[in-house]
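Participant: Here is a sequence with its predicted model. Questions after.
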Amino acid sequence: MSAKSVKEKTTKSKSTTKTPVKKTATKATSPTRKSAKTKSSKVTAINKSRTFKKSIDLFTRATDLIPQGIYGHQNPAITVPGSYPYYAARGKGSHYWDVDGNEYIDYMCAYGPMVVGYANDKVNAAAKKAIETGDCFNHPSEYMFNLAKRVTSLVSSADWVVFGKNGSDMTTWATQVAREHTQKRKIVMVREAYHGSHAWCTPGHGGLLDEDRSHMLYFDWNREDQLADLFKQHGDDIAGVIMTPYHHPTFTGSVLPKPGFWKAVQSLCNEHEALLIIDDVRAGWRLSIKGSHDYFDFTPDIVCFCKAIGNGYPISAAVGRQDYKAAAGRVFLTGSFWFGSMCMAAAMATLDILEKEKGIGVMMKMGKMLNAGLQKLGEKYGYPMKLTGPASIPYLVLEDDPNLRKSQNFCSQVTKRGSFFHPHHNWFLSAAHTKKDIDQTLNHCEDALKAMGKP
Ligand SMILES: Cc1ncc(COP(=O)(O)O)c(C=O)c1O
């Protein structure tokens with residue numbers, strides 16, 4: 001990137017209305033024993049008939065046919081084996097049912113994709129209309145152009161867009177665009193951040209070579225001083241910095257950007273002519289309809305979206321600024337199903353609902369309600385707890401829980417009562433969640449805490 005294009009980068013991009021940085025996304029009400037009045041007289045007793053027999057039976061048979069039975073992040077080992085369902089049967093709105101017929105108020109939303117409710121009628125109708133005239137052709141359909149118009153007009157700093165199927169497609173491709181544009185080799189990322197399952201970034205094992213990461217560099221979240229050191233050491237060879245809009249690692253609480261962090265990162269990238277790539281795959285469409293960078297008030301060069309854009313229909317997207325459009329065009333990008341109309345129609349409908357029905361505001365409100373209720377109950381029963389990170393994508397942390405046993409116990413007790421709480425991953429709220437859901441979930445939580453007894 002020439003000094004000229006750096007300058008252009010700051011002047012050419014779309015002007016956007018900036019919203020101020022939200023300092024704390026989850027406003028906690030200070031918990032007191034007195035204020036902790038819940039509807040304990042009406043609490044829902046654990047459904048004694050709730051079993052996971054079919055789930056476990058299916059899983060046992062699946063291990064003969066499928067490596068690990070269920071692989072990846074949905075492998076039962078990441079929850080509490082025996083306390084959670086392994087297979088889903090159907091869903092509607094904020095609820096779903098497993099193969100044993102157990103119903104859950106869901107706080108995982110399929111690990112993010114469900115954003116306006118399972119089996120949403122409007123999204124399904126749009127998808128159905130598209131497939132009735134065919135989905136995959138020799139060419140894209142007009143849906144692609146219409147969705148491109150929609151996404152670039154919604155997201156701030158988006159002059160162009162490409163579509164794929166998964167988050168990893170987009171994050172990997174974005175690093176290639178950074179390399180192509182800058183003609184440099186190194187990519188910087190934050191330790192413990194997740195950017196997908198490809199060799200350069202997977203936290204998993206197997207089939208990897210040291211060479212896969214020979215041009216990766218790492219620093220810690222909120223430590224712009226460490227990033228500055230990396231630029232000092234490798235500045236003339238750093239093509240891009242890829243980061244999530246706030247830090248959401250697994251097995252530990254989420255961390256918001258400290259004041260001034262994003263501005264510092266942005267100016268280091270500009271100074272050293274490296275692209276700032278935002279991985280908004282997880283948080284995208286849950287903080288701001290304009291992109292999470294707009295919520296935190298900074299201007300990236302490329303932003304990757306996935307999960308929530310199609311309410312579960314498989315589609316991902318990357319948007320970028322004008323300066324990088326030529327390089328984006330030179331980096332080969334395609335896939336067998338990537339131009340299909342169905343998912344693009346579903347994404348149009350999802351974005352319409354989110355915008356018209358102010359879906360993100362609903363998620364935030366429900367998340368804040370849940371956090372306030374959990375804090376009160378935690379105080380009352382001697383298990384202080386709080387939700388970290390933004391209210392719409394909270395991560396539960398229990399105090400004094402070094403080996404995470406309390407969290408595992410609490411979340412599995414709540415799940416057994418009918419509200420799906422993951423013990424080690426951030427949760428997701430959706431626009432389909434209601435006050436009734438939250439009240440019912442808090443009843444499940446109170447029952448669970450009673451069953452857990454004194455800490
Ligand atoms: C922040 C982030 N980036 C990238 C990915 C990868 O997306 P996918 O699993 O669709 O490839 C994920 C998936 O969970 C994610 O949370």
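Facilitator: Nice, I can see it.
Participant: At the contact with the ligand, which residues of this structure appear?
Facilitator: Within the chain, the positions lying close to the ligand (CB under 6 Å from any ligand atom) are 166-168, 171, 194-197, 244, 279, 281-282, 306. Every C-beta, even on glycine, is put in place using the N, C-alpha and C of the backbone.
Participant: buried set for the longest helix anywhere in the chain?
Facilitator: The longest helix of the chain (DSSP state H) is helix 359-381. For helix 359-381, the neighbour count (16 or more other CB atoms under 10 Å) marks 359-360, 362-381 as buried.
Participant: Which residues are in contact with Cys201?
Facilitator: By CB atoms under 8 Å, 6 or more residues apart in numbering, Cys201 lies in contact with 168, 171-172, 189, 194-195, 216.
Participant: Mind checking which of these land in helices?
Facilitator: Reading helices off the contacts of Cys201 with DSSP H, I get 168, 171-172.
Participant: Include pLDDT, distance to Asp210 and neighbour count when you put the residues you listed into a markdown table, please.
Facilitator: Shown next, in a markdown table, are those (pLDDT from 0 to 100; distance: CB to CB, whole Å; neighbours: other CB atoms under 10 Å):
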| residue | pLDDT | distance to Asp210 | neighbour count |
| --- | --- | --- | --- |
| Ser168 | 98 | 20 | 21 |
| Thr171 | 98 | 21 | 27 |
| Thr172 | 98 | 18 | 21 |
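Participant: now, which of the residues you listed sits nearest the ligand?
Facilitator: Distance to the ligand across the ones in helices among the contacts of Cys201 (CB to the nearest ligand atom) is lowest for Ser168, with 3.3 Å.
Participant: quick one on the thing from earlier: can you work out which other helices and strands pack against the longest helix of the chain?
Facilitator: Using 3 or more CB pairs under 8 Å, 6 or more residues apart in numbering; DSSP states H and E as the contact test, the elements touching helix 359-381 are strand 385-388, helix 435-452.
Participant: Would you point to the one among these that's packed deepest?
Facilitator: Of all these, strand 385-388 has the most neighbours on average by mean count of other CB atoms under 10 Å, namely a mean of 22.
Participant: Report the rounded mean pLDDT for that one.
Facilitator: The average pLDDT for strand 385-388 rounds to 95.
Participant: who touches whichever residue of the stretch 301-450 of the chain sits closest to the ligand in this structure?
Facilitator: Residue nearest to the ligand within the stretch 301-450 of the chain: Cys306 (4.8 Å; CB to the nearest ligand atom). Cys306 makes contacts with 166-167, 170, 281, 284, 315-317, as judged by CB under 8 Å, 6+ apart.
Participant: ok, which stretches of the protein are strands?
Facilitator: Along the chain, counting by DSSP state E, strands occupy 88-92, 95-98, 103-106, 160-164, 186-190, 216-219, 238-243, 275-279, 302-305, 316-320, 385-388, 395-398, 419-420.
Participant: wait, which of those strands is closest to Thr250?
Facilitator: strand 395-398 (9.1 Å; CB to CB).
Participant: Just the pLDDT at the residue of the stretch 301-450 of the chain closest to the ligand, thanks.
Facilitator: pLDDT for Cys306: 98.
Participant: Ok, the one 3 residues further on next?
Facilitator: Each residue has a pLDDT score; the one for Ile309 is 98.
Participant: That one: what's it in contact with?
Facilitator: Going by CB under 8 Å, 6+ apart, Ile309 touches 284-285, 315-317, 347, 350-351.
Participant: Tell me which two in those are the farthest apart.
Facilitator: Spatially, the most separated pair among the contacts of Ile309 is Ser316 and Leu351, at 13.8 Å (CB to CB).
Participant: So which of those two has more stuff around it?
Facilitator: Each of Ser316 and Leu351 has its neighbours counted (other CB atoms under 10 Å); Ser316 has more, 26 against 23.
Participant: was I right about that one contacting Asp279?
Facilitator: No - at 11.0 Å, Ser316 does not count as touching Asp279 under the criterion of CB atoms under 8 Å.
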